[in-house]
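A.B. asks: The sequence isn't on hand, but the structure is:
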């Protein structure tokens, strides 16, 4: 069965420079700048740059068409620690819903917890621009004790790889108290989002929408309105800080299961006396009109979400910014990092209708049964009355045709569920890219492995099989049995020789005698290197030996054609996957309408065949988008081309790295700790040794002539042995 059945700033492309904006010395001053338009002079008198934050006020939020002039769109982001139900909320927690809407009030689901946000908003400010605009975002880090960064998820950063926002790959992390300016051209149209790519901050609230409107939308005739208030951002939600959850999961027996789901930062949670009827998100439509909705899954944990709208069919027209042949469905499942655009026709009776969101996998009934609701309200409906009965986990599922279902092989006639591999792009893809023999076929197998991970279960201390309780044994998710380790200096700033010296893969590790599958725990810079414009097939497969899980994978810098998604069984292996690929090649069947995505989920015990044309030079992360997994190293990097083919590093771009001087004379002046030893009273043998505490140096490296003298001096001291051990010989210089 075919699933398809049933007068502000303009730059006119001129490059220009503007003077630095006014410096805001306090957080309050920075936040105040978001509320009002600030105009900064440019070197050329007819240019200006404006700062806006409110949904309806930024001049770059405008109608986009062929005659629209490009603009430079400036945004000021302050990343800071914050609190749900803070003092800004007044009586919100007591049931005063009006107070829940106060400026700086983040109600969440009615449970107080620490969060991290941008401009005290959850989600953070939306960026909505036209294709061809220049986006400028100053990100100021007010987190006090954490670094940060911002990744522009879905935007390929062609020609601007240093702006991708991945610490240790494309930039140094943004230090507390400092500001980093992201500058890039909006040349990847579609529904995207921005989020922190540092630590666990995305799980705590550092994310927001990034919408780049195409001046020529091929689906424009299908809807009447495309409004900022019809963006839906879903995220799973914890009732404690994400770092505390992660630490308990990694180093004790804590779980990693979400407590709830939020819709645009709002939701409800039923749990005794520690919550209240927090406000739900409300989407307003007018009877007889058609609306484009943009769905973004900013989830952090393994919590795919099913979305449906009571009494309404939704028509999916785009995914991850790529246009599709329109397909009507009753529900759509999204994984962390995915986006789906759909058209909703307001063709029902005037009233209010539930939008149901059901959490799956780690959000399902085996754990905390996480779900959420929002409301679709027709103009003229009784706003004082919610639909009945209220949504619960048991009734959050809707029967009918479903796109992107869990662990699916192909279209199921009985359940009417299908995968993204079975939907078609609106226009045929590039014939050469789709039909050519691949220059590289990269097989990436993964699972959760019972290993002595030095981070979580170090061998000889509390190894995987050595812990007191079984639940303290934490399996490690790895790609080709490798854990990614990134260097302190961003990869994009390193030479070809340095990248080659750092890089590893399963073949190079085998050549080194490593047995990464069984004996050795392999942790290194997992790198796949290809040439510019190579055709590359990535075949990602889930071995499926532990847990019935789905992993969403996201590629930076490129979109891939989804050539196939196949569930091979309850489990699989490299031999079975290779056989499937060989049979597919022999069949010579090619889907010229294979969709383009940048995030895709692979079925447990199955595979996804993804094809890219590596046309964007740089170093790009390819990783599982479940936060707990990528933080423990479930990722690799794709190097496209040689460093000399990368875009030049911007002038004055921050540098970072280790500081471990080889010449110990380059260290600090510690003359206060200098001792002078005289061998036999002869001045020519006088040696000055400088000593500081807390670092140990092997005395065998000291000049042999004076080693015995120094040892005698140390051993003859009356200090306790511990003190003698803590002394370090920095240098020995013949005077």
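C.D. replies: Perfect, I can see it now. Computed from a prediction, not measured in an experiment: that's the story for all the values here.

A.B. asks: I'd say residue 171 and residue 650 touch.
C.D. replies: No. If you go by C-beta atoms under 8 Å, residue 171 and residue 650 don't touch, sitting 10.0 Å apart. Where C-beta positions appear, they are placed from N, C-alpha and C, glycine not excepted.

A.B. asks: Can you pick out the residue with more neighbours from those two?
C.D. replies: residue 171 (24 against 12; other C-beta atoms under 10 Å).

A.B. asks: And the nearest residue to that one once chain neighbours are set aside, what's its pLDDT?
C.D. replies: Nearest non-adjacent residue to residue 171, counting by C-beta to C-beta, 6 or more residues apart in numbering: residue 490, 5.7 Å away. For residue 490, the model assigns a pLDDT of 97.

A.B. asks: With residue 55 instead?
C.D. replies: 48.

A.B. asks: Equivalent analysis for residue 7, please.
C.D. replies: In this prediction residue 7 is given a pLDDT of 30.

A.B. asks: and what of residue 240?
C.D. replies: Reported pLDDT for residue 240: 97.

A.B. asks: repeat for residue 220
C.D. replies: 96.

A.B. asks: can you count the residues close to it?
C.D. replies: So residue 220, with other C-beta under 10 Å, has 12 neighbours.

A.B. asks: quick one, strands of the stretch 101-250 of the chain?
C.D. replies: 114-118, 127-130, 134-141, 150-153, 179-185, 190-196, 207-213, 231-237 (DSSP state E, counting those that start in this stretch).

A.B. asks: So which residue is dead centre in this protein?
C.D. replies: Geometric centre of the chain, nearest residue: residue 197, 5.1 Å, by C-alpha atoms, centre = their mean.

A.B. asks: quick one: contacts for residue 350?
C.D. replies: Residue 350 makes contact with 287, 378, 379, 380, 381, according to C-beta atoms under 8 Å, 6 or more residues apart in numbering.

A.B. asks: so what's residue 269 closest to, chain neighbours aside?
C.D. replies: residue 109 (4.2 Å).

A.B. asks: tell me the contacts of the one you found?
C.D. replies: Counted by C-beta under 8 Å, 6+ apart, residue 109 has contacts 237, 260, 262, 266, 267, 268, 269, 275, 278.

A.B. asks: Among the residues you listed, which one has the most neighbours?
C.D. replies: So for these (other C-beta under 10 Å), the most neighbours sit at residue 237, 30 neighbours.

A.B. asks: could you list every residue that touches the residue nearest to that residue when sequence neighbours are not counted?
C.D. replies: In space, and not counting its chain neighbours, residue 237 is closest to residue 260: 4.5 Å by C-beta to C-beta, 6+ apart. Going by C-beta under 8 Å, 6+ apart, residue 260 touches 109, 111, 236, 237, 239, 267, 269, 368, 370, 372.

A.B. asks: Residue 543 reaches residue 449, doesn't it?
C.D. replies: No. Taking contacts as C-beta under 8 Å, residue 543 lies outside contact range of residue 449: 9.3 Å.

A.B. asks: rewinding a little: number of nearby residues for the residue nearest to residue 171?
C.D. replies: If we define neighbours as other C-beta under 10 Å, then residue 490 has 24 of them.

A.B. asks: Kindly report the same for the one 5 residues further on.
C.D. replies: Other residues near residue 495 number 11, with proximity taken as other C-beta under 10 Å.

A.B. asks: Would you mind listing the buried residues in the longest helix anywhere in the chain?
C.D. replies: Assignment by DSSP state H gives helix 574-587 as the longest helix of the chain. Within helix 574-587, the residues scored as buried using 16 or more other C-beta atoms under 10 Å are 576, 577, 580, 581.
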